[in-house]
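1. From the sequence below, what's the structure:
(one chain, ligands or ions: 2)
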Amino acid sequence: MTKKALITGILGQDGPYLAKLLLEKGYKVYGLMRRYSNPHFDNLHFLGIHGDIDFIEGDMIDEASLLNIVKSIRPDEIYNLAAQSFVGSSWEQAKLTTEINALGVLYLLNSIKFLSPTSRYYQASTSEMFGLGNDNGYQDEKTPFHPRSPYGISKVYAYWMTVNFRESYGLYTSNGILFNHESPIRGVQFVTRKITDGVAKIKLGLAETISLGNLEAKRDWGFAGDYVEAMYLMLQQKEPDDYVVGTGMYHSVADFVIAAFKAVGITDWKKYVVIDPRFKRPAEVPHLRARIDKVTQKLGWKSKVSFEELVKMMVEADLKRNEKKKHK
Ligand code: NAP
Ligand code: F7E
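-> Ligands and ions are numbered 1, 2, ... in the order given. Coordinates of the predicted model:
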């Protein structure tokens, strides 16, 4: 029998990569999207799978829409990737962030509990929940949470609700605590894409500088295409569980800038970078680095794309996109 998967956040970064993986495995893929006056399918087109998704309209903050969707599809697997995922905006839009990222998860879990209790559920948890928490410079499944943003706080609620539905009702609910993962279809507000897009524009003579905030922050950056495999594996286990997913290595924002300029043959990067306090955060997470023993040992998962390969892949894609714009 063909397996059915419901993916929320189908138009974002991870949704398309996960959909591609599940389609390749023979799943029927339903993608939940909110109502737009002007829908944006670029990321699905980028991966060539737009025509293969069954789109379904709903919203994480509209409980009845989720109840209806879960009731009508009764998916074998539900991957909840929808979120207000930009940490920077979460201070200005804390209530909306909470409604989507925290309450939305409660609504979805309730829909499963009442209408499709055999569905397996994946919750897109995040290293932002750790914030200042660390164990000798690493974070793993046992590290205490100390979130630093309304985004991180909303995700802590969702994390514990996911655990609680497992413990209270015996549902198959798992958290993937993913560290930063990027790709050519990463939103352009996030620092990696902002840098690779900016570098491409500078190289092509379309911009003179890139404005950034804190260059010292360190992140454990991997490739989104690798990380969706870990999501899938989490829902294929005998028992539900929670896993940290990352590369185990970290780099600073400055390292990323240097690598991106290097990819286009520019070494004197400092003259192209402007520090703008508007991009600094009220409370920063200084460093995040995953300890990946559990995911490696239990799921046999390891990231494949290196930091240098990731930067190069993103810069090359942005060079192509910007070249097209230049010649329009
Ligand atoms: P993303 O590119 O921002 O995609 C999030 C998607 O959620 C977007 O398509 C967005 O729709 C949708 N969405 C937002 N609010 C919604 C609502 N009220 N109802 C329905 N859909 C809604 O995020 P991503 O990078 O793919 O990340 C996927 C998930 O993993 C998110 O939950 C994120 O918080 C989490 N996460 C990401 C990372 C990472 O490094 N990428 C790491 C850890 C955890 P629009 O297209 O309309 O905005
Ligand atoms: O920032 C610093 C910034 O916005 C990374 C989301 O997917 O990963 C992502 O959250 C770092 C921070 O990602 C700029 O202060 C410097 O230290 O790319 P980002 P994020 O906040 O780590 C986690 C795991 C998620 O779960 C989130 O959903 O870069 N930084 N200068 C800057 N950041 C941005 N955006 N823009 C700058 O100009």
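2. so how far is F279 from the residue in the chain positioned nearest to ligand 1?
-> When you check the chain against ligand 1 by Cβ to the nearest ligand atom, the closest residue turns out to be G12, at 2.0 Å. In this view, the C-beta of every residue, glycine as well, is placed from N, C-alpha and C. Here the criterion is Cβ to Cβ, to the nearest Å. By it, G12 lies 21 Å from F279.
3. same thing with W91?
-> As judged by Cβ to Cβ, W91 and F279 stand 13 Å apart.
4. tell me the mean pLDDT over stretch 51-61?
-> Mean pLDDT, computed over stretch 51-61, is 98.
5. Give me the contacts around that stretch.
-> Residues outside stretch 51-61 that contact it (Cβ atoms under 8 Å, 6 or more residues apart in numbering): 6, 8, 10, 19, 23, 28-35, 44, 65-66, 68-69, 73, 82, 99-100, 103-105, 107-108.
6. quick check, that stretch touching ligand 1?
-> Yes. Shown here: stretch 51-61 in contact with ligand 1 (Cβ under 6 Å from any ligand atom) through D59, M60, I61.
7. still on that earlier bit, could you list which of the contacts of stretch 51-61 also contact ligand 1?
-> Filtering those for neighbours of ligand 1 using Cβ under 6 Å from any ligand atom leaves T8, R34, A82, I100.
8. What about the residues you listed, which are in strands?
-> Among those, the members found in strands (DSSP state E) are T8.
9. The ones next to ligand 1 among the contacts of stretch 51-61 into TSV, with extra columns for neighbour count, distance to A283 and pLDDT?
-> Compiled in TSV, these are given as follows (neighbours: other Cβ atoms under 10 Å; distance: Cβ to Cβ, whole Å; pLDDT from 0 to 100):
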residue	neighbour count	distance to A283	pLDDT
T8	27	28	98
R34	16	29	97
A82	26	25	98
I100	21	21	98
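10. domain assignment for this structure?
-> Domains of the chain are assigned by automatic domain parsing as 4-181+221-245, 187-219+249-287+305-326.
11. So which of those domains is nearest Q297?
-> domain 4-181+221-245 (10.4 Å; Cβ to Cβ).
12. The closest one and ligand 2, are they touching?
-> Yes. Looking at domain 4-181+221-245 against ligand 2 by Cβ under 6 Å from any ligand atom, the contacts come from S85, V87, G88, T126, S127, E128, F179, N180.
13. Nearest residue to the last one in space, please, no chain neighbours.
-> What that stands for is N180. Spatial nearest neighbour of N180, excluding adjacent residues (Cβ to Cβ, 6 or more residues apart in numbering): R219 at 4.6 Å.
14. mind checking pLDDT for the one you found?
-> pLDDT, R219: 98.
15. Now it. Its backbone dihedrals?
-> Main-chain torsions, R219, degrees, to the nearest 10: phi -130, psi 150.
16. before we move on, the earlier item: and G12 and F279? Which one has more around it.
-> Shown here are G12 and F279; by other Cβ atoms under 10 Å, G12 has more neighbours (22 against 15).
17. Quick check: A283 vs ligand 2, distance?
-> According to Cβ to the nearest ligand atom, to the nearest Å, A283 and ligand 2 sit 10 Å apart.
18. swap that for M161, please
-> Relative to ligand 2, and taking Cβ to the nearest ligand atom, M161 is found at 17 Å.
19. is it fair to say that residue lies in a helix?
-> Yes. Assigned with DSSP: H, G, I helix; E, B strand; the rest coil, M161 falls within a helix.
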